[in-house]
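J.: Fold the following.
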Amino acid sequence: MNKEAFIAKSENGQIIQKTRLEPNIDNLVGRSRKSCMFTLNSTRVSREHCIVSYDRSTGLFLITDVSTNGTFLMNGKRLEKGIPFTVNPQTEVYFSDPENKVIFLTE
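T.: Residues are numbered from 1 along each chain as shown. From the prediction side, this is the model:
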């Protein structure tokens, strides 16, 4: 499982923003350009919205919501704040509303 991991944002099926995740390190995602390694420009996204890590040994991503407005799976299930949630590559989640959708990738 020596794949590289990425978080990406797409619009109309095209990836417009893609950032590599260092394995086994907590990465902040949110609106703050000062503290987050992946940023989304939306007032509905918290300054520090969630923590994402990639476990290279299992090939899975771990997402921990730390936001005000929530982190959701695409089926609408809201992740419990402060509780790590494991997802597979190709999983899409959104922050506060579906316009703030990202996908977790491995290559």
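
J.: Check whether the closest residue to residue 73 other than its chain neighbours sits in a helix, strand or coil.
T.: Using C-beta to C-beta, 6 or more residues apart in numbering and skipping the chain neighbours, the partner closest in space to residue 73 is residue 93 (5.9 Å). (Each C-beta comes from the backbone N, C-alpha and C, glycine too.) Following DSSP: H, G, I helix; E, B strand; the rest coil, residue 93 is assigned to strand.

J.: ok, residue 93 - how many residues close by?
T.: For residue 93, the neighbour count with other C-beta atoms under 10 Å is 24.

J.: distance of it from residue 54?
T.: Separation of residue 93 from residue 54 (C-beta to C-beta, to the nearest Å): 14 Å.

J.: doesn't residue 76 make contact with the residue nearest to residue 73?
T.: No: applying C-beta atoms under 8 Å, one finds residue 93 not in contact with residue 76, separated by 11.1 Å.

J.: what's near enough to touch the residue nearest to residue 73?
T.: Residues in contact with residue 93 (C-beta atoms under 8 Å, 6 or more residues apart in numbering) are 63, 71, 72, 73, 74, 79, 87, 101, 102, 104.

J.: Out of those residues, name the ones that lie in strands.
T.: Under the assignment DSSP state E, the contacts of residue 93 contribute 63, 71, 72, 73, 87, 101, 102, 104 to strands.
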